[in-house]
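In: Pasting the sequence and the predicted coordinates here, then a few questions.
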Amino acid sequence: MLDFTKRNFITKQFLLFLIIGGINTFNGTLLSFGFSLFLQANVAFVLGYILANMIAYLLNSFFVFNSKPEIYKYIKFAISYVPNFIIQSVIVLIIYNILQLHQLIAYVIAAIIGVPITFLIVKRFAFGKNDAEIL
């Protein structure tokens with residue numbers, strides 16, 4: 001387990017993924033909050049998430065995986081974020097709708113969930129790194 005962790009998460013690639021994730025978190029939070037000024041909070045979250053995800057794909061392509069952006073890779077990248085999207089949507093639903101905390105708090109907390117799993121899925125599925133490199 002320690003070797004798996006070192007090979008996958010104690011790397012320059014994962015650090016860059018985290019930095020871009022931070023940028024993506026900022027973009028998604030800002031976009032979602034901006035949309036929430038004139039749309040319902042859950043709808044605003046979805047729109048902010050989608051736009052931030054497009055930006056994240058480009059940044060990951062250029063800086064993390066050194067890959068030329070291509071539509072089929074973007075589709076795979078977007079699919080890679082489905083588990084993350086589900087987790088974040090549930091968090092927003094619970095924190096905003098059930099606990100009735102401010103939507104900005106819900107967006108920020110939702111954004112920090114699922115990063116390591118998302119990294120592995122993106123690395124393997126979207127950018128085609130083989131199992132030997134992951135496991």
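Out: That came through fine. Because the structure is predicted, anything quoted here is derived from the model rather than measured.
In: need the helices for this structure, in chain order.
Out: 2-9, 12-36, 41-59, 71-80, 82-92, 103-111, 115-121, 131-134 (DSSP state H).
In: taking the ones you listed together, which one is wrapped up most tightly?
Out: Most buried of the helices of the chain, by mean neighbour count (mean count of other CB atoms under 10 Å): helix 103-111, with a mean of 21. All C-beta atoms are positioned from the backbone trio N, CA, C, and that covers glycine.
In: Please state the offset of it from the chain centre?
Out: From the chain centre to the centre of helix 103-111 is a distance of 13 Å (CA atoms, centre = their mean, to the nearest Å).
In: For that helix, which helices and strands make contact with it?
Out: Applying 3 or more CB pairs under 8 Å, 6 or more residues apart in numbering; DSSP states H and E, we find helix 103-111 packed against helix 12-36, helix 41-59, helix 82-92.
In: Now do it against helix 41-59: the angle between them, please.
Out: Going by axes from the mean of the first three to the mean of the last three CA atoms, to 10 degrees, helix 103-111 is angled at 50 degrees with respect to helix 41-59.
In: now the angle from helix 103-111 to helix 12-36?
Out: 150 degrees.
In: and helix 103-111, C-alpha only, in PDB?
Out: Provided in PDB are the C-alpha atoms of helix 103-111 (Å, rounded to 0.1, in the frame of the first residue of the first chain):
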ATOM      1  CA  GLN A 103     -24.200  27.600  -0.700                       C
ATOM      2  CA  LEU A 104     -20.700  28.900  -0.800                       C
ATOM      3  CA  ILE A 105     -19.800  26.600   2.200                       C
ATOM      4  CA  ALA A 106     -21.500  23.700   0.400                       C
ATOM      5  CA  TYR A 107     -19.500  24.300  -2.800                       C
ATOM      6  CA  VAL A 108     -16.200  24.500  -1.100                       C
ATOM      7  CA  ILE A 109     -16.700  21.400   1.000                       C
ATOM      8  CA  ALA A 110     -18.000  19.500  -2.000                       C
ATOM      9  CA  ALA A 111     -15.000  20.500  -4.000                       C
END
